[in-house]
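Undergrad: generate coordinates for the sequence data below:
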Amino acid sequence: MKTQPILIAILAAASLASAARAGDVAERQVLTLSGAQRAIAAAVDQAHKNHAGGVIAVVDDGGNLIALERVDGTFAAGANISIGKARTAALFQKPTRTFEEIIGKGRTAMVALNDFTPLQGGVPIVLDGHIVGAVGVSGAASAQQDEELAMTAAAAVSTHREAVTYFDSAQVDAGFAKGAVLFNQGERYMVHASRREKPGMAEIHTRDADIIHVLDGTATLVTGGTAVDAKETEPDELRGSSIDGGSIRQLKRGDVMIVPAGVPHWFKEVSHPFLYYVVKAR
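TA: You can find the predicted model right below:
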């Protein structure tokens with residue numbers, strides 16, 4: 001009978017068509033309302049602990065608003081700004097701090113982009129290596145606190161594989177040429193390629209410990225004692241003109257020193273230049 005070969009051919013063609021259609025469609029994870037609410041709850045809880053305001057917005061991977069909450073006392077415009085930050089982080093798949101820093105270094109043409117809020121405080125939400133949405137925060141006590149609350153929210157629902165960060169020698173040399181932050185990606189640490197050419201102010205980091213490794217030059221570092229005329233310059237950071245009392249140490253190439261959080265320290269004298277790595281652990 002001729003019908004059997006025809007039937008087989010029809011079934012084979014249908015199977016191929018089905019396989020082709022399956023290859024045209026991919027499964028993906030999506031951020032749910034429950035997940036967005038969990039992210040917001042984490043940020044609101046942290047805001048209350050810090051006695052800070054804030055509007056927290058959560059969007060999906062297309063930048064569409066899922067949920068928003070405004071902490072009592074936060075200015076009204078914070079709602080639109082937080083949504084803009086979240087949309088920017090989701091659509092461009094990067095923290096908005098990245099764009100603020102790029103524009104601050106002179107690439108001002110970026111501000112002409114549509115649907116673009118290049119202000120610190122927007123952070124992508126990552127699930128299994130894929131960006132499924134983003135959080136934006138506006139109206140906290142500072143831009144840094146906006147970002148910290150956004151990172152807290154994103155961390156409440158994010159999962160990611162540990163990534164290795166690599167800086168080649170050219171990047172490191174460029175960092176030391178002017179003194180730069182090498183790594184600040186929302187972890188509990190930062191890495192600075194630091195450069196000093198003259199004495200600095202007395203510093204107190206209330207949350208960060210400084211782990212210092214001297215690469216070149218010498219310095220006189222005063223630790224402990226009392227910072228003179230200390231004033232808060234930004235959240236968790238104080239600066240003073242000098243230190244009264246304290247211990248004096250001469251730092252040279254190869255030395256390593258750890259200054260715990262809250263301990264005043266002052267580079268009283270430095271050679272030209274004085275190069276040192278600083279890992280800031282929180």
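
Undergrad: for the nearest residue to residue 171 once chain neighbours are set aside, helix, strand, or coil?
TA: Residue nearest to residue 171 in three dimensions, not counting chain neighbours: residue 182, with 7.5 Å by C-beta to C-beta, 6 or more residues apart in numbering. Placement of C-beta: from N, CA and C, glycine included. With DSSP: H, G, I helix; E, B strand; the rest coil as the basis, residue 182 sits in strand.

Undergrad: what's the pLDDT at residue 182?
TA: Looking at residue 182, its pLDDT stands at 88.

Undergrad: so what's the residue lying closest to residue 121 once chain neighbours are set aside up against?
TA: For residue 121, ignoring the flanking residues on the chain, the nearest one in space by C-beta to C-beta, 6+ apart is residue 146 at 3.2 Å. By C-beta atoms under 8 Å, 6 or more residues apart in numbering, the contact list for residue 146 reads 54, 85, 119-121, 137-140.

Undergrad: let's see it at 6 Å
TA: 121, 137-138, 140 (C-beta atoms under 6 Å, 6 or more residues apart in numbering).

Undergrad: and what of residue 214?
TA: Residues near residue 214 by C-beta under 6 Å, 6+ apart: 251, 253, 255, 276.

Undergrad: make a markdown table out of those residues and add secondary structure.
TA: Listed next are those as a markdown table, based on three-state DSSP:
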| residue | secondary structure |
| --- | --- |
| 251 | strand |
| 253 | coil |
| 255 | coil |
| 276 | strand |
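
Undergrad: distance of residue 46 relative to residue 108?
TA: From residue 46 over to residue 108 the distance is 33 Å, taken as C-beta to C-beta, to the nearest Å.

Undergrad: so which of those two has more stuff around it?
TA: Each of residue 46 and residue 108 has its neighbours counted (other C-beta atoms under 10 Å); residue 46 has more, 20 against 10.

Undergrad: report all helices and strands that the helix or strand where the more buried one lies contacts.
TA: For residue 46, the host element (DSSP states H and E) is helix 33-49. Applying 3 or more C-beta pairs under 6 Å, 6 or more residues apart in numbering; DSSP states H and E, one finds that helix 33-49 contacts strand 55-60, strand 65-70, helix 143-157.

Undergrad: give me the contact list for that helix.
TA: Residues from elsewhere that reach helix 33-49, judged by C-beta under 6 Å, 6+ apart: 54, 56, 58, 66-67, 69, 71, 135, 149, 152-153, 156-157.

Undergrad: if we take those, which one ends up nearest to residue 215?
TA: Distance from residue 215 was checked for each of the contacts of helix 33-49 by C-beta to C-beta. The minimum falls on residue 152, at 34.0 Å.

Undergrad: show the model's pLDDT score for the closest one.
TA: As predicted, residue 152 sits at a pLDDT of 90.

Undergrad: against residue 135, how distant is the nearest residue to it once chain neighbours are set aside?
TA: Closest residue to residue 152 apart from its sequence neighbours, by C-beta to C-beta, 6+ apart: residue 46 at 4.7 Å. Here residue 46 is placed at a distance of 12 Å from residue 135 (C-beta to C-beta).

Undergrad: same deal with residue 206?
TA: Residue 206 is 25 Å from residue 135, where distance means C-beta to C-beta.

Undergrad: residue 86 too?
TA: Counting by C-beta to C-beta, the gap from residue 86 to residue 135 is 6 Å.

Undergrad: kindly report the same for residue 226.
TA: For residue 226, the distance to residue 135 equals 40 Å [C-beta to C-beta].

Undergrad: these two: which is more packed in?
TA: Counting neighbours by other C-beta under 10 Å for residue 226 and for residue 135 shows that residue 135 has the greater number, 33 against 13.

Undergrad: how about that one, what does it touch?
TA: Applying C-beta under 6 Å, 6+ apart, the residues contacting residue 135 are 39, 58, 86, 123, 150, 153-154.

Undergrad: including neighbour count and distance to residue 174, could these go into JSON lines?
TA: Output for the contacts of residue 135, formatted as JSON lines (neighbours: other C-beta atoms under 10 Å; distance: C-beta to C-beta, whole Å):
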{"residue": "39", "neighbour count": "28", "distance to residue 174": "36"}
{"residue": "58", "neighbour count": "31", "distance to residue 174": "36"}
{"residue": "86", "neighbour count": "35", "distance to residue 174": "32"}
{"residue": "123", "neighbour count": "31", "distance to residue 174": "26"}
{"residue": "150", "neighbour count": "36", "distance to residue 174": "28"}
{"residue": "153", "neighbour count": "32", "distance to residue 174": "33"}
{"residue": "154", "neighbour count": "24", "distance to residue 174": "29"}
